[in-house]
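Visitor: Sequence and predicted structure, then a few things I'm wondering about:
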Amino acid sequence: MEEDTTNTENAPDAQDMTSTQDETKIQVQKLKEEKPLDFRFHAAFMAYSKAWDDNSSEETRTKLNELVSSLEEDDASYEMFYASLGQFRKDRTEYQSRARFKGQRKMEWRKSEAKSARNARHKK
């Protein structure tokens, strides 16, 4: 009987275990958009939302929340926001310069089409 009482005394309480489990289950919540009529903020919030959905790390999500909060409170500029947000984006695409198209005059195009049609007719 004495052994049973000593084991329960040394064991952590059930309440202590649930409180530690609750602390680990606390998740970072996605912020709500508070300025839907401000186009620049709305576009920035959409970029934040996409980055939030793509990242599951709690640390990353906390940093994203801090970025949007600083933008909302006018502590940060949009340039700084997008520069900081770039490291969290998964769909990072590098934009290249436009490819050049070879232009052709209408008369040149007609001549080349007629020539290719003539050659195709006589190859049969």
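Guide: Yep, that arrived.
Visitor: Could you use CA atoms for every contact and neighbour count after this?
Guide: OK.
Visitor: The residue nearest to residue 88 when sequence neighbours are not counted in helix, strand or coil?
Guide: Of all residues not flanking residue 88 in the chain, residue 51 sits nearest, at 6.2 Å (Cα to Cα, 6 or more residues apart in numbering). Judged by DSSP: H, G, I helix; E, B strand; the rest coil, the three-state class of residue 51 is helix.
Visitor: any idea how far residue 51 is from residue 122?
Guide: Distance of residue 51 to residue 122, given as Cα to Cα, to the nearest Å: 60 Å.
Visitor: which of the two has more neighbours?
Guide: Shown here are residue 51 and residue 122; by other Cα atoms under 10 Å, residue 51 has more neighbours (21 against 7).
Visitor: Okay, residue 110 and residue 117: tell me how far apart.
Guide: 10 Å.
Visitor: Please name the nearest non-neighbouring residue to residue 55.
Guide: residue 61 (7.1 Å).
Visitor: Need the per-residue pLDDT for the one you found.
Guide: On pLDDT, residue 61 comes in at 88.
Visitor: Can you say which helix or strand has it in it?
Guide: helix 58-72 (DSSP states H and E).
Visitor: chain center to that helix: distance?
Guide: In terms of Cα atoms, centre = their mean, to the nearest Å, the centre of helix 58-72 is set 12 Å apart from its chain centre.
Visitor: go on, stretch 75-90?
Guide: 11 Å.
Visitor: likewise stretch 32-39?
Guide: Relative to the mean C-alpha coordinate of its chain, stretch 32-39 is positioned 18 Å out (Cα atoms, centre = their mean).
Visitor: Straight-line length of that stretch, end to end?
Guide: End-to-end distance for stretch 32-39, by Cα to Cα: 15 Å.
Visitor: what ranges of the protein fall below the confidence cut-off?
Guide: 1-28, 35, 91-97, 124 (pLDDT under 70).
Visitor: Nearest residue to the middle of the protein?
Guide: residue 51 (2.1 Å; Cα atoms, centre = their mean).
Visitor: show me the contacts for that one.
Guide: 85, 88, 89, 90 (Cα atoms under 8 Å, 6 or more residues apart in numbering).
Visitor: at 10 Å instead, please
Guide: 45, 60, 61, 64, 85, 86, 87, 88, 89, 90, 91 (Cα atoms under 10 Å, 6 or more residues apart in numbering).
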